[in-house]
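J.: sharing a sequence plus its predicted fold:
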Amino acid sequence: DERVELRSTSTLPLASVASEEQQGSPEDSRGESALLRLAELAEEFDAEQVAADARSVAERVSEGRFYVACIGQFKRGKSSVLNALVSESVLPTGVVPVTTVPTIVRYGPHAAARVRFEAAAGRWTDIPVRTVDEYVSEEKNPENAKHVAGLEIFVPSPLLAAGMCFVDTPGLGSVFTGNTAATQAFIPHIDAALVVIGADPPLAGEELVLVEAVAQRVQDLIFTVNKADRTTDAERAAAVAFARKQLEKRLQHSVGPLFEVSAAEQLGHRGTGRDWDKLVAALKHLVEGSGRRLIPAACERGVEDRK
């Protein structure tokens, strides 16, 4: 049996890969202590989910990690975009709605994965990376019938080495209403967002509602138009102009560039790359320019949301 049950996250070597520079500031340490005290109080009142959430935020603050959630309508190719960004196909993809559970992709010295169940009181279980789809895909875990509380995948991606973690979220608007609910429930944990939209179909109303909800909590949003290889230049230009107009009208401010990319081309090592390098540069800038701000902000939200 390749599964190994862990008594606590501190026994997992991969959970301690942050460098000294990634460790929190004194303010972060105070916030971490507040979260741990909150977890202790929650346990006293048998509020196990609140306790688990508080400890989870405290752990990632202490390690200098922050979450960039990949959000959007179902079948936008969000999982494929994340696979291309880390240069490994670790997230399941398919022609029908796939992702059913928010999945964390974080840095580790080698590929690995672990899962936590709702009834496991915070304990993690190691699993082979090749079995991730058994826990997060709609086909093998329909509407999260297995009660997965969390799943993390570790990859040796340089892009994630400084503490940024990607979150693959279930898509909006599919026939599986539980998937939309799962994404909406994860919003309080988001530190920044990578919004994946498309040209065909164009930006949907449900996507606008989600973007607005996320923008009320975080200020860093990066927008990308995936599957750029499937439309003509004219179609893509019209879709980008439409998306920009609707986003700026809804958010009441400029949204910056909308990067036109093709995750399929990137994974297949073909095409011109389009705006791929610009997308990666924007994510690196997020790490370099905003990472230190995002971590204490995550701590503050973690305390406020669980009071």
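T.: Ah, there it is.
J.: tell me where the longest strand sits in the protein.
T.: Among the segments of the chain that qualify as a strand by DSSP state E, the longest is strand 148-155.
J.: that one pairs with which strands, parallel or anti?
T.: Using DSSP bridges, strand 148-155 pairs in its sheet with strand 103-107 (parallel), strand 112-117 (antiparallel).
J.: make CSV from these and add distance to G289 to it.
T.: From N, CA and C alone the C-beta is placed, and that goes for glycine too. Shown next, in CSV, are those (distance: least, Cβ to Cβ, whole Å):
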stretch, distance to G289
strand 103-107, 19
strand 112-117, 30
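J.: bridge partners for the nearest residue in space to L221 that is not next to it in sequence, pull those for me.
T.: Spatial nearest neighbour of L221, excluding adjacent residues (Cβ to Cβ, 6 or more residues apart in numbering): A193 at 4.8 Å. Per DSSP bridges, residues listed as beta-bridge partners of A193: A69, L221.
J.: which residues touch A193?
T.: 68-71, 211, 214, 218, 220-222 (Cβ atoms under 8 Å, 6 or more residues apart in numbering).
J.: quick one: buried ones out of these?
T.: 68-71, 211, 214, 218, 220-222 (16 or more other Cβ atoms under 10 Å).
J.: now the helices: where do they sit in this protein?
T.: Ranges of helices within the chain are 26-44, 48-62, 78-86, 133-136, 177-186, 205-215, 233-251, 263-267, 276-285, 291-305, based on DSSP state H.
J.: in the third one, which residues are buried?
T.: Right, helix 78-86. Applying a neighbour-count criterion of 16+ other Cβ under 10 Å, one finds 78-86 buried in helix 78-86.
J.: which strand residues bridge I104?
T.: E152, V167.
J.: you'd agree it is up against L160?
T.: No. Using Cβ atoms under 8 Å, I104 and L160 do not qualify as a contacting pair, with a distance of 10.4 Å.
J.: more neighbours: which of the two?
T.: L160 (23 against 20; other Cβ atoms under 10 Å).
J.: follow-up on the earlier one: of the buried ones among the contacts of A193, closest to T99?
T.: Among the buried ones among the contacts of A193, C70 lies closest to T99 (Cβ to Cβ), at 9.6 Å.
J.: tell me who's in contact with that closest one.
T.: 78-79, 81-82, 166-169, 193-194, 196.
J.: which residues of the stretch 1-150 of the chain score low on pLDDT?
T.: 1-63, 95-98, 121 (pLDDT under 70).
J.: one more time with 50, if that's ok
T.: Scanning the stretch 1-150 of the chain for pLDDT under 50 picks out the ranges 1-28, 35, 38-39.
J.: that older thread, residues contacting the longest strand of the chain, please?
T.: For strand 148-155, with Cβ under 8 Å, 6+ apart as the criterion, the contacting residues are 14, 52, 56, 86, 88, 90-91, 101-118, 120, 124, 129, 132, 135-136, 141.
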